[in-house]
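output the structure for:
(4 chains)
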Number of protein chains: 2
Amino acid sequence: MTDTPAPTRRSYRGQSSDARRAERHQLLLAAALDIVSSQGYNNTTVRNLCAAAGLTERYFYESFSNREALLGELYQQQTAALRDAMLTAIQQPGLDTERTMRTGLQAFFETLQQQPALARVILFEIFGVSKAMDALYYQAMEEFAELIGELAQTLGIADFAKPTNTAMIYAGLVGAVVQMARRWVLNEYRESLDSLVESGLLLFTAVSQHRPAD
Amino acid sequence: MTDTPAPTRRSYRGQSSDARRAERHQLLLAAALDIVSSQGYNNTTVRNLCAAAGLTERYFYESFSNREALLGELYQQQTAALRDAMLTAIQQPGLDTERTMRTGLQAFFETLQQQPALARVILFEIFGVSKAMDALYYQAMEEFAELIGELAQTLGIADFAKPTNTAMIYAGLVGAVVQMARRWVLNEYRESLDSLVESGLLLFTAVSQHRPAD
DNA sequence: TACATTTGACAACAAGCCATGTCAAAATTT
DNA sequence: AAATTTTGACATGGCTTGTTGTCAAATGTA
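Numbers count the residues shown, from 1 in each chain, chains lettered A, B, ... in the order given. Below is the predicted model:
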């Protein structure tokens, strides 16, 4: 029944204990981005991750309770990066409705083109892992759909006549551009960025300008 | 250097060797549909499959060279079932353009509702497995997109003004309804079937009736 | 310099899986 | 009935993984 030894925390290499810990956390996330995107989540082992991060297995469990927790955090990190890129792009002043949509789509596809590892994780590696990952995917897609919905309201194009399930429509629009992106990735980015943007824009404008016949 | 023994093939239980072989093949596919949809592909082991199929491990390797081959065949079987359901539905005579689209969408969503295991495999379990599975997914999505394209031509609504990447547009439409379906599944089919059909139809008619401004 | 903590390399262990092999019982043919 | 094929239950080997533990070297503190 001795006292638990006081957990004194020392600074190392000029960094505090917390800073070192956070750095290891980021190293593991970076390694996960590399390995998951190139080898697939299934082949992403703790040993591989730690080797790529230059760390020891013990530090993996310091940061994450298991592989799945790491994938979840990686997914949220990457979706946040994509969303930020889009938000930053459309926040330049003086954009009319169409230019806003175009700019947002441009940022979306451009980010996926310039960061293929991000694209791979977001578009492919999240599926079929677990219920928890399904929930993260659902949440991320809902957030993107809500973003579109808010934009549509701001831009004044959110008037569907019939009693329409607007959330479902926005989800469909997100699904459309996401599927275009998947196709683009699987095609090894064969089409031009402009072509993708124009196709996405066509769908968006078609829906926003649609007036039901009956 | 004796002759290889002549592979005489015997009839058993009133079934020929080929018939028994084919039956085992189907048993394994049915078991795979069960287990992959309920436990996920990662947790689908050869032992589980054989136990569920009431067969021995040896018969697994008689039909499939490995787990991945089974998943591939399962995926193609299920996508074919979905496509057939849609084709059958829209082939009833006397449908105008809108009713054809509506009927096809209805068959699409209805099949996914009535066969949740099919939905789970097609919509979720195919991703992040391997390059070969990615290729199968790509191929299936292209086929669905082509089906839409042919329909659009037949129905005379395939006139986009600008030099548009029509294949990309069709892919986007497929992605839209697929994403709606994913959302539906993850929501445990909360919305009504009609609501899904109407939302899908809205996207299709919006695009088919769209006339670019400039 | 003496001491405590942090780190890294790696061992250890149980568990699970794939793929193949063994062998006797069941079913069929001759 | 005797021989042969087919089947089912199960064992085996080899490998990989997750997770925890060991211990000395490196780095800091006093």
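
host element of the residue most central in space within chain A?
The residue lying closest to the centre of chain A (C-alpha atoms, centre = their mean) is A:Thr79, at 1.7 Å. Per DSSP states H and E, A:Thr79 falls inside helix A:67-90.

packing partners of that helix?
helix A:17-39, helix A:97-114, helix A:116-120, helix A:131-155 (3 or more C-beta pairs under 8 Å, 6 or more residues apart in numbering or on different chains; DSSP states H and E). Yep, even glycine has a C-beta here, placed from its N, CA and C like the rest.

next SSE downstream of the last one?
Next in sequence after helix A:131-155, counting helices and strands by DSSP H and E, comes helix A:166-186.

angle of that next one against helix A:97-114?
Our comparison of helix A:166-186 with helix A:97-114, counting by axes from the mean of the first three to the mean of the last three C-alpha atoms, to 10 degrees, yields an angle of 40 degrees.

I'd say the residue nearest to the centre of chain A and A:Met141 touch.
No: if you go by C-beta atoms under 8 Å, A:Thr79 and A:Met141 don't touch, sitting 9.2 Å apart.

shaky segments in chain A?
A:1-8, A:158-163, A:212-214 (pLDDT under 70).

go again with 90.
For chain A, the stretches flagged by pLDDT under 90 are A:1-18, A:94-98, A:128, A:149-165, A:208-214.

which residues of it lie near DNA strand D?
Contact residues (C-beta under 7 Å from any atom of the strand) of chain A with DNA strand D: A:10-14, A:43, A:45-48, A:56-58, A:61, A:66-67.

helices - which of those residues land there?
The helices, defined by DSSP state H, take in A:Val46, A:Arg47, A:Asn48, A:Glu57, A:Arg58, A:Tyr61, A:Arg67 from the residues of chain A next to DNA strand D.

turn the residues you listed into TSV, columns for neighbour count and distance to A:Ala32.
Below are these laid out as TSV (neighbours: other C-beta atoms under 10 Å in any protein chain shown; distance: C-beta to C-beta, whole Å):
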residue	neighbour count	distance to A:Ala32
A:Val46	15	11
A:Arg47	10	13
A:Asn48	16	10
A:Glu57	12	14
A:Arg58	8	17
A:Tyr61	10	14
A:Arg67	17	9
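
of those, which ones also sit close to DNA strand C?
A:Glu57, A:Arg58.

can you list the ones in helices among the residues of chain A next to DNA strand D in TSV and add distance to A:Thr103?
Shown next, in TSV, are these (distance: C-beta to C-beta, whole Å):
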residue	distance to A:Thr103
A:Val46	41
A:Arg47	43
A:Asn48	39
A:Glu57	45
A:Arg58	46
A:Tyr61	43
A:Arg67	37
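
of the ones in helices among the residues of chain A next to DNA strand D, which is the nearest to B:Leu71?
Among those, A:Arg67 lies closest to B:Leu71 (C-beta to C-beta), at 21.0 Å.

which residues does that closest one contact?
Counting by C-beta atoms under 8 Å, 6 or more residues apart in numbering or on different chains, A:Arg67 makes contact with A:Tyr41, A:Thr44, A:Thr45, A:Val46.

returning to what we had before: apart from its neighbours in sequence, what residue is nearest the residue nearest to the centre of chain A?
Leaving aside its chain neighbours, A:Thr79 sits nearest to A:Ala140 (4.6 Å; criterion: C-beta to C-beta, 6 or more residues apart in numbering or on different chains).

isn't that neighbour right next to A:Tyr75, touching?
Yes: using C-beta under 8 Å, A:Ala140 is in contact with A:Tyr75, at 7.3 Å.

quick one, phi psi at A:Phe64?
Phi and psi for A:Phe64, reported as degrees, to the nearest 10, are phi -140, psi 150.

count of neighbours near it?
Counted with other C-beta atoms under 10 Å in any protein chain shown, the neighbours of A:Phe64 add up to 21.

and it, how far is that from DNA strand C?
Per C-beta to the nearest atom of the strand, to the nearest Å, A:Phe64 is found 16 Å from DNA strand C.

for that residue, which non-adjacent residue is closest in space?
Of all residues not flanking A:Phe64 in the chain, A:Leu70 sits nearest, at 4.5 Å (C-beta to C-beta, 6+ apart).

returning to what we had before: the residue nearest to A:Thr79: neighbouring residues, count only.
Neighbour tally, A:Ala140, other C-beta under 10 Å: 20.

can you check A:Ala51 too?
Neighbour count of A:Ala51, defined by other C-beta under 10 Å: 14.

quick one: the strand or helix carrying it near chain B?
Element membership of A:Ala51 [criterion: DSSP H and E] is helix A:46-53. No: counting by C-beta under 8 Å from any C-beta of the partner chain, chain B is not contacted by helix A:46-53; separation bottoms out at 15.8 Å.

against which helices or strands is that helix packed?
Applying 3+ C-beta pairs under 8 Å, 6+ apart, one finds that helix A:46-53 contacts helix A:17-39, helix A:57-63.

out of the ones you listed, which gets nearest to A:Leu155?
When the helices and strands packed on helix A:46-53 are compared by C-beta to C-beta, helix A:17-39 sits nearest A:Leu155, at 33.7 Å.

buried residues in that closest one?
A:20, A:24-25, A:27-29, A:31-37 (16 or more other C-beta atoms under 10 Å in any protein chain shown).

same list (those) but as TSV, adding distance to A:Ser208.
Below are the buried residues of helix A:17-39 laid out as TSV (distance: C-beta to C-beta, whole Å):
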residue	distance to A:Ser208
A:Arg20	50
A:Arg24	46
A:His25	42
A:Leu27	44
A:Leu28	42
A:Leu29	37
A:Ala31	42
A:Ala32	38
A:Leu33	35
A:Asp34	39
A:Ile35	40
A:Val36	36
A:Ser37	34
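
quick one: contacts of stretch A:90-102?
The contact list for stretch A:90-102 (C-beta under 8 Å, 6+ apart) reads A:Thr103, A:Gly104, A:Ala107, A:Leu151, A:Leu155, A:Gly156, A:Ile157, A:Val197, A:Leu201, A:Phe204, A:Thr205, A:Ser208.

just curious, which of the residues you listed is nearest to DNA strand D?
Nearest to DNA strand D out of the contacts of stretch A:90-102 is A:Ala107 (C-beta to the nearest atom of the strand; 34.6 Å).

how near is that closest one to B:Gln106?
Plainly put, A:Ala107 is 36 Å away from B:Gln106 if you go by C-beta to C-beta, to the nearest Å.

what's the neighbour count on the residue nearest to A:Phe64?
Using other C-beta under 10 Å, the number of residues around A:Leu70 comes to 23.

ok, it - contacts?
A:Leu28, A:Leu29, A:Ala32, A:Leu49, A:Phe60, A:Ser63, A:Phe64.
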